[in-house]
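Engineer: dropping the sequence and predicted coords here.
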Amino acid sequence: MGSPQRRKRDRDEQGRARNARPRDGLGRPLPYDAAGTERQPEGIERTPEESLSEGQRLLDAGKPFHAHEVFEDAWKLSEGPERLMWRGLAQFAVGMTHAARGNRTGAIKLLQRGADGIEPYAADPPHGIDIAGLVSWTRQTVGDVDTSIDSPLELSVPRLTSH
């Protein structure tokens, strides 16, 4: 018996693995022939202010997975001391994605990881980011979540910046 045919890995022009499967609005992969939600373009260089504005717009629109991709670009393209802050914001958005998908345990873990990642920046918050407010929102939000329920977790959308 032969092995089942495997689909070749999707690759971009540089040969990096890129999953070309369509995605739903929360980033879950769909069958290749399904109509999906348009994805955020990857590798976009934005100013910190543009990243925060676009991330907030996407969170407000109920697209935390897309916001995650914006923050992931900022993280991956950053080389300075703020690199880990952008990673924390990306994790924060992934936590919100898990909440919307109904994965409460994953939501709690990623929201906490995101808050832990940005908390060191609280003493001197860059770009007007409301670090203390985001950390406080996370601690209050995850503190009383019932993880025995397998349904989407309705979260308010916090403000990323204090302006």
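Structural biologist: Nice, thanks for sending it over.

Engineer: residue ranges with poor pLDDT in this structure?
Structural biologist: Counting by pLDDT under 70, the low-confidence segments of the chain come to 1-12, 14-19.

Engineer: that one: helices as residue ranges?
Structural biologist: 48-60, 64-77, 83-101, 104-118, 131-143 (DSSP state H).

Engineer: now tabulate these in CSV and tack on distance to Pro125 and mean neighbour count.
Structural biologist: To be clear about C-beta, it is placed using only N, CA and C from the backbone, and glycine gets the same treatment. Rendered in CSV, the data for these read as follows (distance: least, CB to CB, whole Å; neighbours: other CB atoms under 10 Å):
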stretch, distance to Pro125, mean neighbour count
helix 48-60, 11, 18
helix 64-77, 15, 23
helix 83-101, 9, 23
helix 104-118, 9, 20
helix 131-143, 4, 17
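
Engineer: those: which one's closest to Ala20?
Structural biologist: Distance to Ala20, taken as CB to CB, is lowest for helix 64-77 among those, at 15.0 Å.
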